[in-house]
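Participant: Provided below for reference: sequence and predicted model.
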Amino acid sequence: ELKVEQNPLFLSMQEGKNYTIYCNYSTTSDRLYWYRQDPGKSLESLFVLLSNGAVKQEGRLMASLDTKARLSTLHITAAVHDLSATYFCAVVKETSGSRLTFGEGTQLTVNP
Amino acid sequence: SAVISQKPSRDICQRGTSLTIQCQVDSQVTMMFWYRQQPGQSLTLIATANQGSEATYESGFVIDKFPISRPNLTFSTLTVSNMSPEDSSIYLCSLHTNYGYTFGSGTRLTVV
């Protein structure tokens, strides 16, 4: 059974600081996604990572994938308050019928 | 990418009643999914709904409690039956296309 673990689950940081969210998964997978969820809202797609060594960046967020370690990271650079949200990683294995398995989520609060 | 219209956005229901949630897609898609997100938790897959076949339910979810319809490639419904306060959650539909996964805006259900 595919399991996905994120850490930390809660992250409070100051504006201007850097931090990394980690996402580990238990078995080989085909794709890894990062999503953002604002309170009371649906999920917004951030990144999809397909292959070992993949790195994608958008603004202050950068995601990477190490398939050998079964690890993805979401790095936050010089955080701003607008980045406050819950971030989820999710993994899909095509042989499981394209079903996404989500991590527990990381609730990020960026303080002025 | 496809756009999903999910209704209702929220509802407050009496225990013992049922609520049907609808998702309408602006294009034809084969695979649709229904998720539950309990307060402060991650997303848990309820079932996969493919047109022309019975929905496939995940462990812990049964058809009698969460009947799903998928009459065509643009529409699906999830019914939460005989509700109890433990069913209070956000319910989201999702679809899978070549562009990735898209999520509906969610239905926030409160059972009193």
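Facilitator: Thanks, I have it.
Participant: just the strands in chain A please.
Facilitator: Along chain A, counting by DSSP state E, strands occupy A:4-7, A:10-14, A:19-25, A:31-37, A:43-49, A:55-58, A:61-66, A:71-76, A:85-92, A:100-102, A:106-111.
Participant: and the fourth one, which strands flank it?
Facilitator: Within its sheet, and counting by DSSP bridges, strand A:31-37 is paired with strand A:43-49 (antiparallel), strand A:85-92 (antiparallel).
Participant: just put those in JSON lines and tack on mean neighbour count and distance to residue B:9.
Facilitator: All C-beta spots, glycine's among them, are computed from the backbone N, C-alpha and C. Converted to JSON lines, the strands paired with strand A:31-37 look like this (neighbours: other CB atoms under 10 Å in any protein chain shown; distance: least, CB to CB, whole Å):
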{"stretch": "strand A:43-49", "mean neighbour count": "19", "distance to residue B:9": "15"}
{"stretch": "strand A:85-92", "mean neighbour count": "24", "distance to residue B:9": "19"}
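Participant: of all those, which one is nearest residue A:15?
Facilitator: Of all the strands paired with strand A:31-37, strand A:85-92 sits nearest to residue A:15, with 14.7 Å by CB to CB.
Participant: contacts for the closest one?
Facilitator: Residues from elsewhere that reach strand A:85-92, judged by CB atoms under 8 Å, 6 or more residues apart in numbering or on different chains: A:2, A:4, A:6, A:21, A:23, A:25, A:29-39, A:43, A:46, A:72, A:74, A:98-103, A:105-108, B:42-43, B:101.
Participant: tabulate the strands of chain A (TSV), appending mean pLDDT.
Facilitator: Putting the strands of chain A into TSV (pLDDT from 0 to 100) gives the following:
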stretch	mean pLDDT
strand A:4-7	97
strand A:10-14	95
strand A:19-25	97
strand A:31-37	96
strand A:43-49	95
strand A:55-58	96
strand A:61-66	97
strand A:71-76	97
strand A:85-92	96
strand A:100-102	94
strand A:106-111	96
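Participant: burial measure for the closest residue to residue A:30 other than its chain neighbours, as a count.
Facilitator: With sequence-adjacent residues excluded and distances taken as CB to CB, 6 or more residues apart in numbering or on different chains, residue A:30 is closest to residue A:94, at 4.9 Å. Neighbour count for residue A:94, taken as other CB atoms under 10 Å in any protein chain shown: 10.
Participant: look up the pLDDT of residue A:94 for me, please.
Facilitator: We have a pLDDT of 77 for residue A:94.
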